[in-house]
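*Asks:* Let's see this in three dimensions:
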Amino acid sequence: MSNINLPFLQTINVGHCKIGDGHPVFLIAEAGVAHFGNPEKADRLVDLAAEAGADAFKTQAFITDDLISKRSGDWYERMRPKEVDLPFFLRMKKRCEDQGLIFLCTAHDESALRWADELEVPAYKIGSGERGNWPFLSATAKRGKPIILSTGMYSKDDVEQAISILSESGCCELALLHCVTAYPVPYAEANLGAMAELKHLFRGPVGYSDHTQGEHVSLAAVALGAKVIEKHITLDFDVPNAQDWKVSLGSGNFPDFVKRVREVEAALGTGSLDIQDCERPSQFWALKSLVATRFLAAGAVIDAAMLTAKRPGDGLPPSELPRIIGRKLAREIEEDMPIRVEDLEA
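*Replies:* Predicted coordinates:
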């Protein structure tokens, strides 16, 4: 089964950014809950994303009692202190807007989804944990805004079902992010090739939500054509009872990461087989010309033994040799000097 013919747009609009072929990689700085409920940390995370040049800052919203059953024990206790209220998010959003950042927020439950409405996010980010929660996907799609969907823990059938449900519920602007839900993801299980499979299933933008350590897997995803990159950021490392920091970048390396993403996407170029402007000067010293192997007198009939190919490329190229064998020289040629068209009799 393929959903390639479902009416999704190939380019979607999120805030002031277009996402799709022919547009820059949409780079999301995923802060998650790295603010730990502290407004000052939240400010610093926004500033880190803005100063590095990310396109969007993303956080996560949830009501612990609505998200996690108390029977989960430790998990419930770990998440409760990271829960913040709507004014906290409104404050973050304003700081983002003041610095030209798009503000995004993953809603992890129905209550938080209503907060996202109040925050007037330009797109809804749906996390991998909503696999199988098709009513939630449908409710999000019916809000009529673009959706960015992470596909961690999804099988091919799950992806196809999610795409169909989103389409049936009115979504026409969708980006799919390949994701592997582990912290950290072993490099051998990052499975970046799955992005190609997503492209076969779906005509809209495909990207990568990165849970590996370091930068290089995200950069490889860009080289493979990812149109969205989501990378975690943090201010704190070695945090007990937390996991996002294990796959996060901080103030010491996130700015360089953003720079490298832009360099890699620039390096992809147009894909056309053309001589690049930067290499035109190299044609003189790197290419070869036909030169005389010995002194050649005027009137000599050229044979192959009289010529060889040497740098620089300021004369006839070696490819012209078959055309000039048997021609007469109009003037003498010194040994090691190039032969040119005007050196030949008409």
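*Asks:* now the strands for the stretch 101-250 of the chain?
*Replies:* For the stretch 101-250 of the chain, the strands defined by DSSP state E, counting those that start in this stretch cover 102-107, 124-126, 147-150, 174-179, 206-210, 228-232.
*Asks:* Out of these, which one sits most buried?
*Replies:* Mean neighbour count (mean count of other C-beta atoms under 10 Å) peaks for strand 206-210 among the strands of the stretch 101-250 of the chain, with a mean of 28. The C-beta positions use only the backbone N, C-alpha and C, and glycine is treated the same way.
*Asks:* CA atoms of it as CSV?
*Replies:* Extracted C-alpha coordinates of strand 206-210, given in CSV (Å, rounded to 0.1, in the frame of the first residue of the first chain):
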residue,chain,number,x,y,z
VAL,A,206,10.7,14.1,5.2
GLY,A,207,13.3,14.8,8.0
TYR,A,208,15.0,13.4,11.0
SER,A,209,14.6,13.7,14.7
ASP,A,210,18.0,12.8,16.1
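*Asks:* now for it, which elements pack on it?
*Replies:* When contacts are defined as 3 or more C-beta pairs under 8 Å, 6 or more residues apart in numbering; DSSP states H and E, strand 206-210 packs onto strand 174-179, helix 194-201, helix 216-223, strand 228-232.
*Asks:* between the second one and strand 174-179, how many degrees?
*Replies:* When axes from the mean of the first three to the mean of the last three C-alpha atoms, to 10 degrees is applied, the directions of helix 194-201 and strand 174-179 differ by 150 degrees.
*Asks:* residues touching the residue lying closest to Y187 once chain neighbours are set aside, list them.
*Replies:* Leaving aside its sequence neighbours, Y187 sits nearest to T212 (C-beta to C-beta, 6 or more residues apart in numbering; 6.2 Å). Counting by C-beta atoms under 8 Å, 6 or more residues apart in numbering, T212 makes contact with P184, V185, Y187, A190, S218, V247.
*Asks:* just curious, which of those is nearest to A286?
*Replies:* When the contacts of T212 are compared for distance to A286 (C-beta to C-beta), S218 wins out at 34.3 Å.
*Asks:* shouldn't the closest one be in contact with L224?
*Replies:* No. Contact status for S218 versus L224: not in contact, 10.6 Å apart, counting by C-beta atoms under 8 Å.
*Asks:* Please say which of the two ends up with more neighbours.
*Replies:* Between S218 and L224, counting by other C-beta atoms under 10 Å, S218 is the more crowded of the two (27 against 16).
*Asks:* Identify the bridge partners of the residue lying closest to the more buried one once chain neighbours are set aside.
*Replies:* Closest residue to S218 apart from its sequence neighbours, by C-beta to C-beta, 6+ apart: D210 at 4.6 Å. Assessed by DSSP bridges, D210 has beta-bridge partners K231.
*Asks:* shouldn't D210 be in contact with V247?
*Replies:* Yes. Under the criterion of C-beta under 8 Å, D210 makes contact with V247 at 7.0 Å.
*Asks:* where do the contact lists of those two overlap?
*Replies:* Contacts common to D210 and V247, judged by C-beta under 8 Å, 6+ apart, are H232.
*Asks:* about what we covered before: got a pLDDT number for the residue nearest to Y187?
*Replies:* In this model, T212 is scored at 98, pLDDT.
*Asks:* If you rank the contacts of T212 by neighbours, which is first?
*Replies:* Neighbour max across those (other C-beta under 10 Å) = S218, 27 neighbours.
*Asks:* residue contacts, it?
*Replies:* Counting by C-beta under 8 Å, 6+ apart, S218 makes contact with Y208, D210, T212, A226, I229, K231, F257, V261.
*Asks:* Could you single out the nearest of those to L273?
*Replies:* A226 (23.7 Å).
*Asks:* what's the closest one in contact with, if anything?
*Replies:* Neighbours of A226 in contact, by C-beta under 8 Å, 6+ apart: V25, H178, M195, V206, G207, Y208, S218.
*Asks:* Keeping just the C-alphas, turn stretch 326-341 into PDB.
*Replies:* What follows is stretch 326-341 as a C-alpha-only set of coordinates in PDB (Å, rounded to 0.1, in the frame of the first residue of the first chain):
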ATOM      1  CA  GLY A 326      48.900  13.800 -40.600                       C
ATOM      2  CA  ARG A 327      48.700  17.600 -40.600                       C
ATOM      3  CA  LYS A 328      51.700  19.700 -41.500                       C
ATOM      4  CA  LEU A 329      53.300  22.300 -39.200                       C
ATOM      5  CA  ALA A 330      53.200  25.800 -40.500                       C
ATOM      6  CA  ARG A 331      56.000  26.800 -38.200                       C
ATOM      7  CA  GLU A 332      58.700  25.200 -36.100                       C
ATOM      8  CA  ILE A 333      57.900  24.000 -32.500                       C
ATOM      9  CA  GLU A 334      60.500  23.900 -29.800                       C
ATOM     10  CA  GLU A 335      60.700  20.800 -27.600                       C
ATOM     11  CA  ASP A 336      58.200  20.800 -24.600                       C
ATOM     12  CA  MET A 337      56.200  23.700 -26.200                       C
ATOM     13  CA  PRO A 338      52.500  23.500 -26.800                       C
ATOM     14  CA  ILE A 339      51.000  23.100 -30.200                       C
ATOM     15  CA  ARG A 340      48.100  25.400 -31.200                       C
ATOM     16  CA  VAL A 341      45.700  25.500 -34.100                       C
END
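*Asks:* Residues touching it, excluding its own?
*Replies:* 289-303, 307, 310, 314-316, 324, 342-345.
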